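Asks: model the following, please.
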Amino acid sequence: MEKLCLTLYFSACKLRHYMLSFTTCIIAQTDLVKYMLSRPILRGRIGKWVLALSEFSLQYVPQKAVKGQAIADFLAHHPMLDTLAVRDLEVATETITRPDLTCLPEYAALYQATVSLQPWVLYFDGSRTDTLAGAGVLENSAADRFSYSFQLEFWCTNNQAEYEALIIGLEVLLELGVQDIQVHGDSLLVINQLREKFRCTSFLLAPYLDRALELLVQFDDVDLEHIPRERNFAANELAGARVERRTLPSWLAWADSPAVAALDLIDVDWRVPLIAYLKQPDHSADRKIRFLVLNYFLRNDELLQRGEDGVDFKCVYGREAKCLMREAHAGVCGAHQAGPKIRWLIRRQGYYWPSILKDCITFAKGCQDCQAHGLVQHIPNIPMQPIIKPWPTRGWALDLIGMIHPHSSLQHKFIIVATDFFTKWVEAEPLKEASGATIRQFIFNHIICRFGIQRCWYRIGGQHS
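Replies: You can find the predicted model right below:
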């Protein structure tokens, strides 16, 4: 910060005869004048600089605003010709009630990238009356909101209608490419069965529960929350609406031939090869598996890791690992601590998986509450760029413009321009002839007499007639 203040002081001393008659705008990331005047005691170098700058009229302009205006001007003068017009995209969104990525192939990757920035909220509700059954789904994000209403053409219970609405909403989100979701429903039975707090004793609901858990595993982060019926008003209205809706058979009827093809999961449970080798040792197995299996053993068909101090760790994977990180970071006893501390807490409770430290650090960085209430970052928000010359008036670039047609009234045919690398200060003078004597006279009168002897000169190449 003191180097920037020194730069301001040196520039003001060199350009004093220009700055005394005008108001000078200081473009910087921080207000240098405010920094110097806010010192408790004006003494030493700072006090000397403040006294020297007191005769000038200085005005601070944030560098961000200037840079943003420059970027806006650049984009206005250099439009992108390959991108569709905004009005085309707006027409497409008005005519499609449900976003179909096949209709907008150019924006498929962009749409999938935007929906994953923050979690989507899924509100579901099912309704069963004496005459018909309905399912309502409301999907909401920061910028999009989609509502679906289905009439179920089969007999079902109220809990089955709730599961039908949940399965429909999850499949739609998977088709859109969403990875982080929050599921809100007013059915306490469905939410607690998904949380594995309630057991499913009904043979009618068991297939629905298995299908819902199979869909939830495909998401990266899932948050289940029970809400009162007043907060689920929109989904409840969609489930019980008496308007023309799309009829939908039971999930059990089309479970064998789904309309949307499911992608094969690339990520495989890391415990499977270890358990297979422990149950049936094979010398032809991979050498890495035979080496890693020395630290593991089976107890009641559960994979455990041997600890260094005699404490065994239960090996977990996938959704169970995410629940452990969420509980240790933001649970009842969680204090929103960093990734290494979350790893220490999880291992203290007796759990382990190979990428535990990396996953904990990533989970802590992605916590929205930590980002909103964390410490203020004082580092610059833009990367620091080195400058060519670290001092004002140390290097100048010369350029000769001409010959100019027609000539001026005083028969000036050329213009010589000198630009300072640091301050971008420009000195220019019209010339009648481009000779060595006139250029030497310009450098002596306008540069050396005003700013002193320079360290280096640069000539911008070009042909002049």
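Asks: the strands in the stretch 151-300 of the chain, which residues?
Replies: Taking DSSP state E, counting those that start in this stretch, the strands of the stretch 151-300 of the chain run over residues 180-185, 221-226, 246-248, 296-299.
Asks: let me fix that: the stretch 351-465 of the chain
Replies: Counting by DSSP E, counting those that start in this stretch, the segments of the stretch 351-465 of the chain that form strands are 351-352, 395-401, 414-420, 426-431, 456-459.
Asks: TSV for those, including mean pLDDT, mean neighbour count and distance to Cys315?
Replies: C-beta here means a position set from N, CA and C on the backbone, and glycine is covered the same way. Shown next, in TSV, are the strands of the stretch 351-465 of the chain (pLDDT from 0 to 100; neighbours: other C-beta atoms under 10 Å; distance: least, C-beta to C-beta, whole Å):
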stretch	mean pLDDT	mean neighbour count	distance to Cys315
strand 351-352	92	19	6
strand 395-401	85	17	64
strand 414-420	89	19	66
strand 426-431	89	15	69
strand 456-459	70	11	65
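Asks: still on that earlier bit, pick out the shakiest of the strands of the stretch 151-300 of the chain, pLDDT-wise.
Replies: When the strands of the stretch 151-300 of the chain are ranked by mean pLDDT, strand 246-248 comes last with a mean of 47.
Asks: domain ranges for the protein?
Replies: Domain ranges of the chain: 2-76, 116-248, 294-373, 395-459, per automatic domain parsing.
Asks: and the strands of the stretch 351-465 of the chain: which comes nearest His17?
Replies: Closest to His17 of these, according to C-beta to C-beta: strand 426-431, at 12.9 Å.
Asks: out of the domains of the chain, deepest packed?
Replies: Mean neighbour counts were compared across the domains of the chain using mean count of other C-beta atoms under 10 Å; the top stretch is domain 116-248, at a mean of 17.
Asks: now it, how far from the chain's geometric center?
Replies: In terms of C-alpha atoms, centre = their mean, to the nearest Å, the centre of domain 116-248 is set 28 Å apart from its chain centre.
Asks: got phi/psi on Cys333?
Replies: As for Cys333, its main-chain torsions (degrees, to the nearest 10) stand at phi -100, psi 10.
Asks: do the same with Lys322
Replies: Dihedral angles (degrees, to the nearest 10) for Lys322: phi -60, psi -40.
Asks: ditto for Ser355
Replies: phi -100, psi 40.
Asks: so how far is Trp155 from it?
Replies: 47 Å (C-beta to C-beta, to the nearest Å).
Asks: on that earlier part again, between the domains of the chain, which one is nearest to Ala285?
Replies: By C-beta to C-beta (comparing all of these), the closest turns out to be domain 294-373, at 12.9 Å.
Asks: so what's the gap between the closest one and the chain middle?
Replies: With C-alpha atoms, centre = their mean, you get 25 Å for domain 294-373.
Asks: endpoints of that domain, how far apart?
Replies: Domain 294-373 has an end-to-end distance of 44 Å (C-alpha to C-alpha, to the nearest Å).
Asks: one step back: just tell me which of the strands of the stretch 151-300 of the chain ends up closest to Thr362.
Replies: strand 221-226 (10.9 Å).
Asks: so what are the sheet partners of the closest one and their directions?
Replies: Strand pairing for strand 221-226, determined by DSSP bridges: strand 180-185 (parallel).
Asks: about what we covered before: kindly reformat the strands of the stretch 351-465 of the chain as JSON lines containing distance to Pro340.
Replies: Converted to JSON lines, the strands of the stretch 351-465 of the chain look like this (distance: least, C-beta to C-beta, whole Å):
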{"stretch": "strand 351-352", "distance to Pro340": "15"}
{"stretch": "strand 395-401", "distance to Pro340": "48"}
{"stretch": "strand 414-420", "distance to Pro340": "50"}
{"stretch": "strand 426-431", "distance to Pro340": "54"}
{"stretch": "strand 456-459", "distance to Pro340": "50"}
